[in-house]
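Student: Give me the fold of what follows.
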Amino acid sequence: SLRKVKRGKRYSYSGLNVEAGEVEGLGLFVEAEKVLPAADDSEIRAWEKTLRDFLARIGVRPEDIESRPYSLMLAQGLG
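Tutor: Here you go, the predicted model:
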């Protein structure tokens, strides 16, 4: 069994939901998302570009983008 402890703050930025915080045992993270209940491919691509542009603006390099869930990283002993 795993225990995830996450502390942070939520923000809204240019239509994105952004959370900056720390996951105990893993470090600092920025999460950015846009909920699109129904969208076509071009709208999805546009929001993906917006997300990547936002991350670049705050200094997150493409190779630093993490797609694994925290639970998997904790189980793998990363951090």
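
Student: Where does the closest residue to residue 11 other than its chain neighbours sit: helix, strand or coil?
Tutor: In space, and not counting its chain neighbours, residue 11 is closest to residue 18: 4.5 Å by CB to CB, 6 or more residues apart in numbering. Where you see a C-beta, it was placed from the backbone N, CA and C, and this is true even at glycine. Under DSSP: H, G, I helix; E, B strand; the rest coil, residue 18 falls in the strand class.

Student: can you give me the helices in this structure?
Tutor: Under the criterion DSSP state H, the chain carries helices at the ranges 41-57, 70-75.

Student: ok, and which of those helices has the densest surroundings?
Tutor: helix 70-75 (a mean of 15; mean count of other CB atoms under 10 Å).

Student: Identify the residues contacting it?
Tutor: 2, 4, 6, 23, 25-26, 66, 79 (CB atoms under 8 Å, 6 or more residues apart in numbering).

Student: In these, find the pair that's most separated.
Tutor: Greatest spatial distance among the contacts of helix 70-75 (CB to CB): 2 and 66, at 17.0 Å.

Student: Now tabulate the helices of the chain in TSV and tack on mean pLDDT.
Tutor: TSV is the format used below for the helices of the chain (pLDDT from 0 to 100):
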stretch	mean pLDDT
helix 41-57	94
helix 70-75	91
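
Student: which one of those lies closest to residue 14?
Tutor: Comparing the helices of the chain by their distance to residue 14 (CB to CB), the top pick is helix 41-57, with 6.9 Å.
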